[in-house]
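Trainee: Task: produce atomic coordinates for the following.
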Amino acid sequence: MEIGTSSDVEIEHFPNWPELRRLVKENRCELVLTDEDLSLRKPSVNEEILQKAIFRKDSPINFLDLSSVNLSVLYPSVSRLTYLTNLSLRLNRLRHIPEEIGSLKKLKVLDLSFNQIECLPTCLNQLKSLTTFNLSNNKLQLIPNLSGLSSLQILNLCCNSITEFPSMLPANNSKLQELLLSNNQIKLVPETLEELVLLKKLDLSKNCLRELPVGITCLPKLKELNLASNCFADKRFGKLTEDKRHSASSIIDYLKKKTTKSSKVDNAQIGMDTVPEDGEKNCRRLIIRYGTSIASVIRDESVADIRPHIVCCILHNICFDEKKLKQFLSLQTKLHDTLCVHRTLATIGTHDCNKLSFPLRYLAKVPDELHILPLNRGSQVSGRELVVNLKTEAQMLAKKQKLKTFSSVHKYLYMVEKLEKYPCLVDENNTVVSFPPVTNSESSKLSTETHDVFVEVTSDKDQAICRSVMDSLIEKALKIDLSSELIVEQLKVFQANGNLLVAYPSKLDLQLPGVHINKEIMNN
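Mentor: Model prediction:
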């Protein structure tokens, strides 16, 4: 007899399913049903009916193992298991996880390994009790914000297609002890790794790493470190990582020897500086300065779903005359048109640093509450007014040029007009200094009196795009000869909860051939 598709499924409908009958009659808190195809059980049952039978309201189940049962869908009714602490769905055919899983507030162990999951719901960040999370052997490319998983101790992301190191892990007071990322396509490890102070095991083997951040030498609990099968630029170091006889401590010792830290301003350098080739004359010089800035940026949660990506830095020792200032602004415009694809991928904002009051806040405001004095305009307007005015100007230009759509210069307006809130950068005095991708404020405009330039690059697409655009801006600015020795000061962007979001430049940013780079670490 085949079980029908009744919406009201009772356990009594499963006479030959002893596991389910015991679950109800004995009010059991555990169910293990593994290693069989549901369609082969007699009487057979489809996975939706089975889950309706298990996911009963007020069920006392706290341990559920449905591994290797050929599940293709996890139904939203899983949210009924409010007492669930352990959930294993490994070795199935799942492609998606429902948002409702975020309501399992008591869940401590979640095993979704060996499925076909391509993306993860944002609600996973609500699982505050989760200690072990296994996502290995899936088809993931990007990892969402997991910074809310304050109890997380073990995170397994091995054997996926991840291209970026997870940028939003629990940081402040992090309990993370094991981070497993082998067999992915990661090219860059951020400096924020040093925030994981309780990390004991780190596996980055079989990725695409060429270098590592200095922060990896600052993990006091690290005992197991696997870096094999990467493509490190330092060939000697690469051989060291391939030799299984070498412990984590010997690998860290090697990195420490490559890293020279000093509190003195003149010669505080991080190892592996970029040095010009022998015989190269009149080489451009760049100093990257870490650990000095009292300036910072805080990214508010209100902008996280609108335009979440931002990197910032300060350029010091700038000498603008009228010609060089014009060249620098033209450079910014050219990057907007090319690398930023008319501001649709990313937007650059440049400001006179001495006209800003730190810390800055990156947030979102409703259009009528955002007020800005736009660049090169005479009066303050609301965000809504500004977008309407620019759209009208774009339509008039299109009509004049007999175009059917906006010119490429105004394509970014389509991105903004549909938003319920507008992204903006606000200083300590609550002055809006930037409204990306639309305009900067006249109040922080560059001039020939500017010697320190605050730069922000934002995007709704990807943090890597922001880094790439910033790298290009600095590389091309060097060619204008804005300074005999340009100084780039690292700035950190924090989340509203105090966790570090991003620091730019990291050790792997600004790989500029033909430029002599000194990297200084300063004491605050």
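Trainee: quick one, helices of this protein?
Mentor: 18-25, 47-54, 235-242, 248-257, 322-337, 383-400, 412-417, 463-479 (DSSP state H).
Trainee: Quick one: closest of the ones you listed to K105.
Mentor: Of all these, the one in closest proximity to K105, counting by Cβ to Cβ, is helix 47-54 (19.0 Å). Placement of C-beta: from N, CA and C, glycine included.
Trainee: Now the closest one: average pLDDT?
Mentor: Across helix 47-54, the average pLDDT comes to 83.
Trainee: now the angle from it to helix 18-25?
Mentor: For helix 47-54 against helix 18-25, the angle by axes from the mean of the first three to the mean of the last three Cα atoms, to 10 degrees is 30 degrees.
Trainee: How far away from the center of its chain is helix 47-54?
Mentor: Taking Cα atoms, centre = their mean, to the nearest Å, the mean C-alpha location of helix 47-54 is offset from the chain mean by 36 Å.
Trainee: which helices and strands sit right next to it?
Mentor: helix 18-25 (3 or more Cβ pairs under 8 Å, 6 or more residues apart in numbering; DSSP states H and E).
Trainee: Export the helix it packs on to CSV, keeping only CA atoms.
Mentor: The C-alpha coordinates for helix 18-25 follow below in CSV (Å, rounded to 0.1, in the frame of the first residue of the first chain):
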residue,chain,number,x,y,z
PRO,A,18,9.0,0.8,14.2
GLU,A,19,11.4,3.8,14.8
LEU,A,20,8.5,6.2,14.3
ARG,A,21,6.0,4.2,16.4
ARG,A,22,8.5,4.1,19.3
LEU,A,23,9.2,7.8,18.9
VAL,A,24,5.6,8.6,19.7
LYS,A,25,4.4,5.8,22.0
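Trainee: What average pLDDT does that helix get?
Mentor: The average pLDDT for helix 18-25 rounds to 76.
Trainee: and if you look at stretch 71-81?
Mentor: Stretch 71-81 comes out at a mean pLDDT of 93.
Trainee: so what pLDDT did L196 get?
Mentor: 89.
Trainee: Spatially central residue in the chain, please.
Mentor: Closest to where the C-alpha atoms of the chain average out (Cα atoms, centre = their mean) is S167, at 3.7 Å.
Trainee: What helices and strands are in contact with the helix or strand of the chain with the lowest mean pLDDT?
Mentor: For the chain, counting by mean pLDDT, DSSP states H and E, helix 18-25 ranks last in confidence among helices and strands (a mean of 76). Where contact means 3+ Cβ pairs under 8 Å, 6+ apart, helix 18-25 is packed against strand 30-32, helix 47-54.
Trainee: What residues of the first one count as buried?
Mentor: Applying a neighbour-count criterion of 16 or more other Cβ atoms under 10 Å, the buried positions in strand 30-32 are L31.
Trainee: Quick check: can you name the pairing partners of that strand and their directions?
Mentor: strand 63-65 (parallel) (DSSP bridges).
Trainee: Quick one: residues in contact with the strand it pairs with.
Mentor: Defining contact as Cβ atoms under 8 Å, 6 or more residues apart in numbering, one finds that strand 63-65 is touched by 29-34, 54, 81, 84-88.
Trainee: Which residue in the residues you listed has the weakest pLDDT?
Mentor: The member of the contacts of strand 63-65 with the lowest pLDDT is T34, at 80.
Trainee: how about the strands in the stretch 401-524 of the chain?
Mentor: 422-426, 432-435, 439-440, 453-459, 486-495, 500-504, 515-521 (DSSP state E, counting those that start in this stretch).
Trainee: how distant is the longest one from the center of its chain?
Mentor: Relative to the mean C-alpha coordinate of its chain, strand 486-495 is positioned 17 Å out (Cα atoms, centre = their mean).
Trainee: packing partners for it?
Mentor: Using 3+ Cβ pairs under 8 Å, 6+ apart, strand 486-495 sits against strand 284-290, strand 297-299, strand 309-316, helix 463-479, strand 500-504.
Trainee: Mean neighbour count and distance to D58 for the ones you listed - can I get that in TSV?
Mentor: Formatted as TSV, those follow (neighbours: other Cβ atoms under 10 Å; distance: least, Cβ to Cβ, whole Å):
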stretch	mean neighbour count	distance to D58
strand 284-290	20	55
strand 297-299	21	40
strand 309-316	24	43
helix 463-479	19	43
strand 500-504	24	40
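Trainee: And the ones you listed: which comes nearest A248?
Mentor: It's strand 500-504; of the helices and strands packed on strand 486-495, that one is closest to A248 (Cβ to Cβ) at 23.4 Å.
Trainee: What lies in contact with the closest one?
Mentor: 167-168, 171, 190-192, 195, 299, 310-313, 463, 466-467, 470, 490-495.
Trainee: quick one on the thing from earlier: using CSV, lay out the helices and strands packed on strand 486-495 together with distance to H336.
Mentor: Converted to CSV, those look like this (distance: least, Cβ to Cβ, whole Å):
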stretch, distance to H336
strand 284-290, 23
strand 297-299, 21
strand 309-316, 16
helix 463-479, 9
strand 500-504, 19
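Trainee: So which of the ones you listed is nearest H342?
Mentor: helix 463-479 (13.1 Å).
Trainee: now the angle between strand 500-504 and that closest one, please.
Mentor: Using the same axes, to 10 degrees: helix 463-479 against strand 500-504 is 30 degrees.
Trainee: tell me the mean pLDDT over helix 463-479?
Mentor: pLDDT averaged over helix 463-479 gives 90.
Trainee: Please look at K519 and Y290 and confirm they touch.
Mentor: Yes. Counting by Cβ atoms under 8 Å, K519 touches Y290, with 7.0 Å between them.
Trainee: Would you mind checking the contacts of strand 63-65 for buried ones?
Mentor: Looks like these have L31, L33, I54, L81, L84, T85, N86, L87, S88 buried, using 16+ other Cβ under 10 Å.
Trainee: State the pair within those residues that is farthest apart.
Mentor: Across the buried ones among the contacts of strand 63-65, the longest distance by Cβ to Cβ is 17.5 Å; it joins L33 and T85.
Trainee: From M415, how far off is the residue nearest to L482 when sequence neighbours are not counted?
Mentor: Distances taken as Cβ to Cβ, 6 or more residues apart in numbering place I318 nearest to L482, at 5.2 Å, with adjacent residues excluded. Going from I318 to M415 by Cβ to Cβ, to the nearest Å gives 31 Å.
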